[in-house]
Structure formats: C-alpha cells, structure tokens
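S.K.: model this:
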Amino acid sequence: MQNLIKRNSGPHRRSGMEGKTLAEKLAAGEAERSAGADTAAHASATAEADTAGTDAIVAAAKAMRDRYAGHEAPAAAAKTCLIVDDSRVIRKVSSKIALSLGYVPIEAQDGHEALARCKQSMPDLVLTDWNMPEMDGIEFVTKLRGIPTPKEPVVVFCTSNGEAKDIHDGIAAGADDYIVKPFDEAALRAKLEKLGRG
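M.R.: As a prediction, the model looks like this:
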C-alpha cells in the first residue's frame with residue numbers, strides 16, 4: 001500500500017500518459033494541439049472583432065466631431081431669466097433664486113440695458129424693478145411689449161411699490177404678475193408656478 005502511495009504522489013507520481021499505448025499517446029497529443037489551435041484562432045477572431053468595434057466607434061465619433069466643423073455644436077436650449085434692477089445686491093439675490101428654479105440669469109441695471117438685451121435675445125422670464133434711473137420699470141415693460149417677438153416673455157414686477165394703484169399700473173403696462181419686495185425663493189417659486197413657469 002505504501003509503495004502505491006509513493007508511486008502516485010510526489011516525485012514518483014505517474015503521469016497521465018503512463019500505462020497508455022503509443023497510439024493512445026499520439027491521439028492525445030494530436031487532440032491537445034488541435035485544441036490549442038482552436039483557442040488561438042478564437043483569440044485572434046476576438047481581437048479582430050474588438051478592433052473592428054473600436055474602429056466603428058472611432059469613425060462614428062469623428063463623424064460627430066466633423067459634423068460641426070467650423071461651427072459650435074448647438075447647445076441645449078436653456079431657459080433664461082432677465083433680472084432688471086439698479087441694486088447689485090437685489091440682482092445677485094434674484095440671480096441665485098432664478099438659478100435654483102432652473103433658469104440662466106442675465107442681469108441689467110436699468111431699462112435701457114434691459115431693452116438692448118431683449119432685442120439681442122428675448123428671455124423666457126423677466127423680473128423687473130419699478131424704481132430705476134434712466135428708464136423706470138413701467139416704461140421698460142411698455143417698450144418691451146412693443147418689440148415683435150415669436151416668444152413673449154413672462155414679466156413679473158419685483159418692487160417695493162405695493163399700493164393697489166401701482167399693481168394696476170404695472171399690469172396695465174404689460175406685466176403678468178407682481179411681487180412686493182422683500183420676497184424670498186418660496187414666494188417667487190409660487191408666483192412662477194401659478195404662471196406655469198415654475
């Protein structure tokens with residue numbers, strides 16, 4: 001028994017070919033060579049497929065890059081909010097609120113600058129103060145509504161003028177809504193949701 005254990009393990013272990021006839025050994029060797037060739041062929045085919053796949057992706061990527069040769073790729077249309085106020089602090093606070101509501105804020109310090117920006121590119125939403133130098137909010141909104149445009153912006157007065165007459169005058173000038181300062185994000189969000197712009 002001990003002799004058998006010694007013969008089948010350690011340095012005296014028999015190989016799998018021991019005890020086989022020459023014909024069996026030759027057949028086994030041929031099968032191993034054939035399997036090795038199949039594996040190599042499969043690896044080569046896989047590498048070619050990977051290369052072909054990569055080439056196709058590179059070609060598609062180049063086609064996309066070259067599609068806009070000499071031009072910038074069109075950006076996704078972003079909603080814009082024009083904030084018109086002579087107070088830099090109010091503009092910054094309003095810009096932060098507009099950003100949180102998904103708008104790209106654009107600032108103007110008075111009605112003249114705001115009109116120029118609207119003529120260049122009409123915003124989706126306008127938040128305007130009433131009391132400003134150069135051109136006040138009422139004059140700005142009246143002139144804004146006179147600009148022919150396929151997309152009318154929603155205009156909201158954001159002002160400390162909170163009397164009933166002021167509100168009537170603001171709406172008559174062309175504003176869609178009115179919010180009295182000071183206001184916070186929740187108040188502005190509620191106004192915009194009511195107008196379908198939240």
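S.K.: all helices for the protein, in order.
M.R.: 2-8, 22-67, 88-100, 111-120, 137-145, 164-173, 185-194 (DSSP state H).
S.K.: give me phi/psi at residue 102?
M.R.: phi 90, psi 10 (degrees, to the nearest 10).
S.K.: oops, could you answer that again for residue 148 instead?
M.R.: Torsion angles, degrees, to the nearest 10, at residue 148: phi -70, psi 130.
S.K.: okay, now it: neighbour count?
M.R.: Each residue near residue 148 was counted by other Cβ atoms under 10 Å, and the total is 4. The way it works is simple: take the backbone N, C-alpha and C, and place the C-beta from them, glycine included.
S.K.: contacts only, for it.
M.R.: For residue 148, no contacting residues are found, by Cβ atoms under 8 Å, 6 or more residues apart in numbering.
S.K.: what of residue 114?
M.R.: 82, 84, 108, 126, 128, 140, 144.
S.K.: same question for residue 197.
M.R.: For residue 197, the contact set (Cβ under 8 Å, 6+ apart) comprises 124, 125, 154.
S.K.: can you pick the most crowded of those residues?
M.R.: Neighbour max across the contacts of residue 197 (other Cβ under 10 Å) = residue 125, 21 neighbours.
S.K.: what's the spacing between that one and residue 163?
M.R.: According to Cβ to Cβ, to the nearest Å, residue 125 and residue 163 sit 24 Å apart.
S.K.: got a markdown table for the contacts of residue 197, with pLDDT too?
M.R.: Shown next, in a markdown table, are those (pLDDT from 0 to 100):
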| residue | pLDDT |
| --- | --- |
| 124 | 95 |
| 125 | 95 |
| 154 | 94 |
